[in-house]
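Engineer: Coordinates for the following, if possible.
(chains A and B)
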Amino acid sequence: MMEKLRTVRGVHDLLPDALHKHKKVIKAGLNVSSKYCYSEIEIPIFEFSEVFKKPLGNSSDIVTKENYIFKDRSDDELMLRPEGTSGVVRAFLNAGLVQDIPQRFSYFGPMFRYERPQKGRLRQFKQFGVECIGISNSMADIEVISLGYEFLNKLNIIDKISLKINSLGDADSRLNYTKALIDYLNDYKSQLSKDSLKRLSENPLRILDSKNSVDQKILINAPNVLDYLNERSKERFENVCEGLDILKIKYEIDKSLVRGLDYYCHTAFEFITDELGSQGTVLAGGRYDGLSKMLGGVEVAGVGWAAGVERLALMVQGEYINSPDIVLMAQTEVYNHLLLPIMNKLINEGFRVEIIYTGNISKKFKRANKINASFVVLLGEEEVAKKVIKLRNMMLGSEQLIDLNQGIKVIRKTLQN
RNA sequence: GCGGGUGUAGCUCAGUUGGUUAGAGCGCGGGUUUGUGGUACCUGAGGUCGCCGGUUCGAAGCCGGUCACUCGCCCCA
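Structural biologist: Next up, the predicted model:
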């Protein structure tokens, strides 16, 4: 392979087969979310970097080391979007929709993160997501999780996926808990992993999902987030769980589930599979009531999630088939141009048509067979003279000389069965 | 960002202890039976053996570096 002719690391071409699966995932998402009355929106692929920096938190990996930040010709600092929520909320604020809540949005498109590529982890990847903005009631959390569940269900993969859920509580609860956690962990400072030690001062909650075995041992007796929820937060979380029970959606409360991004509060959840190696999270989200304010807007409640399109596509079955209903061929090249008006007529009748221009008759039939054509229309000396076509049914191997209009009827009738 | 594995034609792989013009199957192109296909036959194209450098009379095979993919960590979707 020519070394210079390649895509950049972690960025892949999508050939028909893979693209087909991606579309299948996105279609299912749009389909289900539109039934929940979520409206599709599209927002820019890049924004002023502040749009992401503020809400995601300056200590988050996404902002510190995984960003694609660059300056354009007018010296504005821009960032390729690493996720969708911040942009959606920004768009919501810009459009003045605070005056018209609730708003329910769905979106999909490429996101960018400078990470080390792996299976199911790319530098340019697609997310499909939904956001329910303007409802602080816990019902919205349930609605959104239910939507995610139905989405995965439509993709026929829900039985390979489990749901984990947790609550971080409101700002008060979060603060109290963080204090307690720091107090506890301070006694183990000498044993904590390097990463965790760093987080102790920057973002203590993130220590909870450390996979370091020593950290995990220390964490066994650490204070539990759920014990530090104040009445309001606790009741809220119970409501969410109850709602899931009523929907018969199975879940597991995971006290170590902490979303990595600063803007989350209250409900956090993840749909996880063990089929994708270490990239098991397939759909994740939570509540982000503080986000709007971080962006400089008024306080607006919100919940949502995002799903990894290529991760889901890896789990989805189905090959891409695009075989023609009818293949057109001429006995010799001189008749090739006579095939074009026939093609136009046939595609206007709604058929999928391909013309085979080269090769001898035998080769042409081989090709027609290979691409799985249902019918062949053959034009030769005799047909042209008699102003008919030869129509061959490739499934049966039968053929007849027939007027084109009559032939169309035959084809239609056959394909309907 | 850290650690392990892999890298030969479009695909799946072979390539003996380093030795002349690097192979197979499948796939692809053209053709054979003078208007017909899942079979057959002939024939062709396609590889600077990921890339760069080193050792050697000589390297696809050894050494170093680099890139990409992959697995685990990290992070997340």
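Engineer: Tell me how chain A divides into domains.
Structural biologist: For chain A, automatic domain parsing gives the domain ranges A:16-170+A:230-315, A:326-416.
Engineer: I'd like those laid out as a markdown table, including mean pLDDT.
Structural biologist: Below are those laid out as a markdown table (pLDDT from 0 to 100):
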| stretch | mean pLDDT |
| --- | --- |
| domain A:16-170+A:230-315 | 92 |
| domain A:326-416 | 92 |
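Engineer: Pick the most deeply packed of those.
Structural biologist: domain A:16-170+A:230-315 (a mean of 19; mean count of other Cβ atoms under 10 Å). Glycine gets a C-beta too; all of them are placed from N, C-alpha and C.
Engineer: how about the residue lying closest to residue A:244 once chain neighbours are set aside, phi and psi?
Structural biologist: Once flanking residues are discounted, residue A:244 sits nearest to residue A:251: 5.5 Å by Cβ to Cβ, 6 or more residues apart in numbering. Backbone torsions of residue A:251, given as degrees, to the nearest 10, read phi -150, psi 170.
Engineer: Tell me which stretches of the stretch 301-417 of chain A form strands.
Structural biologist: Applying DSSP state E, counting those that start in this stretch to the stretch 301-417 of chain A gives strands spanning A:302-308, A:326-330, A:353-355, A:375-379, A:389-393, A:398-402.
Engineer: Turn those strands into CSV, including distance to residue A:54.
Structural biologist: Below are these laid out as CSV (distance: least, Cβ to Cβ, whole Å):
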stretch, distance to residue A:54
strand A:302-308, 15
strand A:326-330, 58
strand A:353-355, 53
strand A:375-379, 61
strand A:389-393, 65
strand A:398-402, 70
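Engineer: looking at the domains of chain A, which is closest to residue A:211?
Structural biologist: domain A:16-170+A:230-315 (9.6 Å; Cβ to Cβ).
Engineer: Just the endpoints, please. Distance across that closest one?
Structural biologist: 17 Å (Cα to Cα, to the nearest Å).
Engineer: Near RNA strand B, which residues of the stretch 301-417 of chain A are found?
Structural biologist: A:306-308, A:310-311, A:331, A:358-363, A:365-370, A:378-383, A:390, A:392, A:394-397, A:399 (Cβ under 7 Å from any atom of the strand).
Engineer: from these, which ones fall inside helices?
Structural biologist: Of those, the ones assigned to helices by DSSP state H are A:310-311, A:361-363, A:365-370, A:381-383.
Engineer: any idea which helix is longest in chain A?
Structural biologist: Per DSSP H, chain A has its longest helix at helix A:16-35.
Engineer: just to revisit the earlier point, export the domains of chain A as CSV, with columns for distance to residue A:193.
Structural biologist: Shown next, in CSV, are those (distance: least, Cβ to Cβ, whole Å):
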stretch, distance to residue A:193
domain A:16-170+A:230-315, 15
domain A:326-416, 56
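Engineer: And the ones you listed: which comes nearest residue A:218?
Structural biologist: That would be, of the domains of chain A and by Cβ to Cβ, domain A:16-170+A:230-315, which comes in at 12.2 Å.
Engineer: Where does the closest residue to residue A:264 other than its chain neighbours sit, in terms of helix or strand?
Structural biologist: Once flanking residues are discounted, residue A:264 sits nearest to residue A:286: 4.5 Å by Cβ to Cβ, 6+ apart. Element membership of residue A:286, judged by DSSP states H and E, is strand A:281-287.
Engineer: ok, and what's touching the helix or strand that that strand is followed by?
Structural biologist: Under the assignment DSSP H and E, the closest C-terminal helix or strand after strand A:281-287 is helix A:291-294. Applying Cβ atoms under 8 Å, 6 or more residues apart in numbering, the set of residues contacting helix A:291-294 from outside is A:54-55, A:85-86, A:89, A:92-93, A:262-263, A:298-300, A:302.
Engineer: what does the stretch 51-200 of chain A put close to RNA strand B?
Structural biologist: A:60-62, A:66, A:83, A:113, A:115-122, A:125, A:127, A:195.
Engineer: Now do stretch A:34-47: distance to the chain's middle.
Structural biologist: In terms of Cα atoms, centre = their mean, to the nearest Å, the centre of stretch A:34-47 is found 12 Å from the chain centre.
Engineer: Contacts only, for the residue lying closest to residue A:403 once chain neighbours are set aside.
Structural biologist: With Cβ to Cβ, 6+ apart as the criterion, residue A:403 has its nearest non-adjacent residue at 5.6 Å, and that residue is residue A:388. Each residue near residue A:388 by Cβ under 8 Å, 6+ apart is listed here: A:401, A:402, A:403, A:404.
Engineer: ok, the residue nearest to residue A:264 to residue A:262 distance?
Structural biologist: For residue A:286, the distance to residue A:262 (Cβ to Cβ, to the nearest Å) stands at 12 Å.
Engineer: Over to residue A:222?
Structural biologist: 21 Å.
Engineer: for stretch A:101-108, the distance to its chain's centre please.
Structural biologist: 16 Å.
Engineer: Would you mind putting the CA coordinates of that stretch into CSV?
Structural biologist: Extracted C-alpha coordinates of stretch A:101-108, given in CSV (Å, rounded to 0.1, in the frame of the first residue of the first chain):
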residue,chain,number,x,y,z
ILE,A,101,-40.2,24.2,27.3
PRO,A,102,-40.1,21.3,27.4
GLN,A,103,-38.2,20.6,24.2
ARG,A,104,-37.3,17.1,23.1
PHE,A,105,-34.5,16.6,20.6
SER,A,106,-32.7,13.8,18.8
TYR,A,107,-29.5,14.1,16.8
PHE,A,108,-26.8,12.1,15.3
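Engineer: Give me the contact list for that stretch.
Structural biologist: Against stretch A:101-108 from outside (Cβ under 8 Å, 6+ apart): A:26, A:29-30, A:33-34, A:36-43, A:84, A:88, A:92, A:97, A:126-135, A:140, A:300, A:309.
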